[in-house]
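1. the following comprises the amino acid sequence and a computationally predicted model.
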Amino acid sequence: MLLGMSTQDLNEYINSAVEANPFLQKIFDEKKSKSSRPEYGEDTIIKERPDPRLSLLSQIRLLDATDKELEILEYLIYEIDDNGYITADIEEVARDLFVSIEEVEKCIMAVQNLEPAGIGARDMRECLRLQLKRMKKEDSLEYQIVSGFIEEVAKSDTEKIAKALKIDRKKVSAAIAVIKKLNPRPASNLLSERAEWIAPDLIVALKGKKIRIELNRQWLPRLRLYNPYENKLSVIKDANAREFMKENMEAARHLVDGIKRREETMCKVAEYILNFHKDSLRNNGHDLKSLMTRDISKALNLHPTTINRTISNKYIQIDNKVITLKSLLSNSVKKTNGESVSKISVKKRIETLVKNEDKSRPLSDKAIKEILAQEGIIIQRRTIAKYRDSLKILPTYLRRQK
């Protein structure tokens, strides 16, 4: 549980534990200020909302699932992005967890039955269909339109839809009005509107060939065991008091040990990832190599779900830039010459192509596919669309400028 928490969530958990357990005591670094927030540069503090995965993890605990299914479900939940979509490749999940594709598909369906409706979809079309299905509208015009005319819905092109389906435009307009009330980003339902300040979990310095990693202690105090009744004989002699002391001391020790293991695992995983990418990081992240969960799992002899918990919702500060630890993981794409290029590098190439395009004639996904193919990178058009969506790049017709 502790490993999957963000620093903010863990800090709140520690505060609650200290209030409830007299055998826990917080220790602050005397060199740091206790009364104010840490002072970082403008680029090093980011606003973050509570992790929506916590609600989903609570929900799967109530399912009638086997231990193996719970493992797959948890893995999938940590693969859900901030919009609420499962972005992981199913075959890669199956390989990571040594299970069948059918088992992963079954667990994806289970995630898609959680609250809110639409969570766990693979794309916007599936997300909207899941919501309509939850509304008992599988046989509706809205479902038919979402299934075949998602781009036309975005443009409110009722004429094209009406002509294709041979129905009245007024019916199409009414259906589109219903569709536009659906939520294309279901994770937003789980997130608080109140933004909280959060600092990076780890501070990283690149110096020559060495990488130095420090835990950010300015937000997360150390804990120690403390017995306020140590010299109070009247308390120690009381049987109920001794039982109270035993239970709370065990709980305090368990938390202290758990936090220590969390920190050790975080540093171990981060150190491996950063050393793997150190050449790319010195080059401002260009040409990032392919690195997947199973690679780290195998190298560190840790379970893939442990790696997923470790990198989920964790931030690192490299010099004066803050990034998510998860952003340094990337699957690979095979080039025609047999070499591999990371998906992050492909995304950056797509971003560059769009940035430099003729705004009056923006590049279509097909055109981007052809350019990449000329560079030896062969990927499907739907994959380009998926990458473009993750980069928050609008479709061609919405990028066109007169």
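-> Thanks, I have the structure now.

2. show me where the stretch 151-300 of the chain has its strands.
-> Counting by DSSP state E, counting those that start in this stretch, one finds strands in the stretch 151-300 of the chain at the ranges 196-198, 202-207, 210-215, 222-225.

3. pLDDT weak spots in the stretch 201-350 of the chain?
-> 230-236, 283-287, 332, 334, 338 (pLDDT under 70).

4. ok, now how distant is Lys173 from Arg381?
-> Heads up, residue 173 is Ser, not Lys. 30 Å (C-beta to C-beta, to the nearest Å). Bear in mind the C-beta positions are built from the backbone N, C-alpha and C, glycine included.

5. and for Glu138?
-> Taking C-beta to C-beta, one finds Glu138 at 28 Å from Arg381.

6. ok, Asp389 next?
-> When Asp389 is compared with Arg381 (using C-beta to C-beta), they lie 13 Å apart.

7. repeat for Ser345
-> Ser345 is 19 Å from Arg381, by C-beta to C-beta.

8. now swap in Tyr13 and tell me
-> 45 Å.

9. repeat for Lys321
-> Lys321 is 33 Å from Arg381, by C-beta to C-beta.

10. let me see the contact set for Arg262.
-> Contacts for Arg262 (C-beta atoms under 8 Å, 6 or more residues apart in numbering) come out as 2-3, 5, 10.

11. need the contact partners of stretch 93-100.
-> Here stretch 93-100 has contacts from 68, 71-72, 75-76, 79, 101, 103-104, 292-294, 297, 304-305, using C-beta under 8 Å, 6+ apart.

12. hmm, try it at 10 Å
-> Outside stretch 93-100, the residues that touch it by C-beta atoms under 10 Å, 6 or more residues apart in numbering are 68-69, 71-72, 75-76, 79, 86, 88-89, 101-108, 292-295, 297, 303-305, 307-308.

13. can I get that stretch as PDB, trimmed to CA atoms?
-> The C-alpha trace of stretch 93-100 is given here as PDB (Å, rounded to 0.1, in the frame of the first residue of the first chain):
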ATOM      1  CA  VAL A  93       0.900  -6.700 -20.100                       C
ATOM      2  CA  ALA A  94       0.500 -10.500 -20.600                       C
ATOM      3  CA  ARG A  95       4.200 -10.900 -21.200                       C
ATOM      4  CA  ASP A  96       5.100  -8.900 -18.100                       C
ATOM      5  CA  LEU A  97       2.800 -10.900 -15.800                       C
ATOM      6  CA  PHE A  98       3.200 -14.300 -17.500                       C
ATOM      7  CA  VAL A  99      -0.500 -14.600 -18.100                       C
ATOM      8  CA  SER A 100      -2.600 -15.100 -21.300                       C
END
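
14. ok, which of the strands of the stretch 151-300 of the chain comes nearest Asp64?
-> Shortest distance between Asp64 and the strands of the stretch 151-300 of the chain, using C-beta to C-beta, is found for strand 196-198: 35.1 Å.

15. compute the mean per-residue pLDDT across that closest one, please.
-> Averaged over strand 196-198, pLDDT sits at 53.

16. quick one: Ile371 is in a strand?
-> No - counting by DSSP: H, G, I helix; E, B strand; the rest coil, Ile371 is located in no strand; its state is helix.

17. can you get me a residue count around the closest residue to it other than its chain neighbours?
-> Leaving aside its chain neighbours, Ile371 sits nearest to Leu353 (6.3 Å; criterion: C-beta to C-beta, 6 or more residues apart in numbering). Neighbour count of Leu353, defined by other C-beta atoms under 10 Å: 15.

18. correct me, but Leu353 touches Ile368?
-> Yes - taking contacts as C-beta atoms under 10 Å, Leu353 lies within contact range of Ile368: 5.8 Å.

19. now list whatever residues contact both of these two.
-> Going by C-beta under 10 Å, 6+ apart, residues that sit against Leu353 and also against Ile368 are Ile393.

20. mind giving me the domain split of the chain?
-> The domain map for the chain lists 7-47+200-326, 51-191, 332-399, with the assignment taken from automatic domain parsing.

21. regarding this protein, what is its longest helix?
-> helix 239-276 (DSSP state H).

22. buried residues, that one. List them.
-> 245, 248-249, 252, 255-256, 259, 262-263, 265-267, 269-274, 276 (16 or more other C-beta atoms under 10 Å).

23. got it, and stretch 55-75?
-> For stretch 55-75, by 16+ other C-beta under 10 Å, it's 55-57, 59-60, 65, 69-75.

24. Throw those residues into JSON lines and include pLDDT and distance to Ala241, thanks.
-> Below are the buried residues of stretch 55-75 laid out as JSON lines (pLDDT from 0 to 100; distance: C-beta to C-beta, whole Å):
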{"residue": "Ser55", "pLDDT": "80", "distance to Ala241": "38"}
{"residue": "Leu56", "pLDDT": "86", "distance to Ala241": "41"}
{"residue": "Leu57", "pLDDT": "83", "distance to Ala241": "36"}
{"residue": "Gln59", "pLDDT": "89", "distance to Ala241": "39"}
{"residue": "Ile60", "pLDDT": "89", "distance to Ala241": "39"}
{"residue": "Ala65", "pLDDT": "88", "distance to Ala241": "41"}
{"residue": "Glu69", "pLDDT": "91", "distance to Ala241": "44"}
{"residue": "Leu70", "pLDDT": "89", "distance to Ala241": "39"}
{"residue": "Glu71", "pLDDT": "88", "distance to Ala241": "41"}
{"residue": "Ile72", "pLDDT": "91", "distance to Ala241": "46"}
{"residue": "Leu73", "pLDDT": "92", "distance to Ala241": "42"}
{"residue": "Glu74", "pLDDT": "88", "distance to Ala241": "39"}
{"residue": "Tyr75", "pLDDT": "88", "distance to Ala241": "44"}
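
25. put together CSV for the residues you listed, with secondary structure and distance to Pro184 on each row.
-> Compiled in CSV, the buried residues of stretch 55-75 are given as follows (DSSP: H, G, I helix; E, B strand; the rest coil; distance: C-beta to C-beta, whole Å):
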residue, secondary structure, distance to Pro184
Ser55, helix, 19
Leu56, helix, 18
Leu57, helix, 23
Gln59, helix, 21
Ile60, helix, 23
Ala65, coil, 28
Glu69, helix, 28
Leu70, helix, 29
Glu71, helix, 29
Ile72, helix, 26
Leu73, helix, 23
Glu74, helix, 25
Tyr75, helix, 24
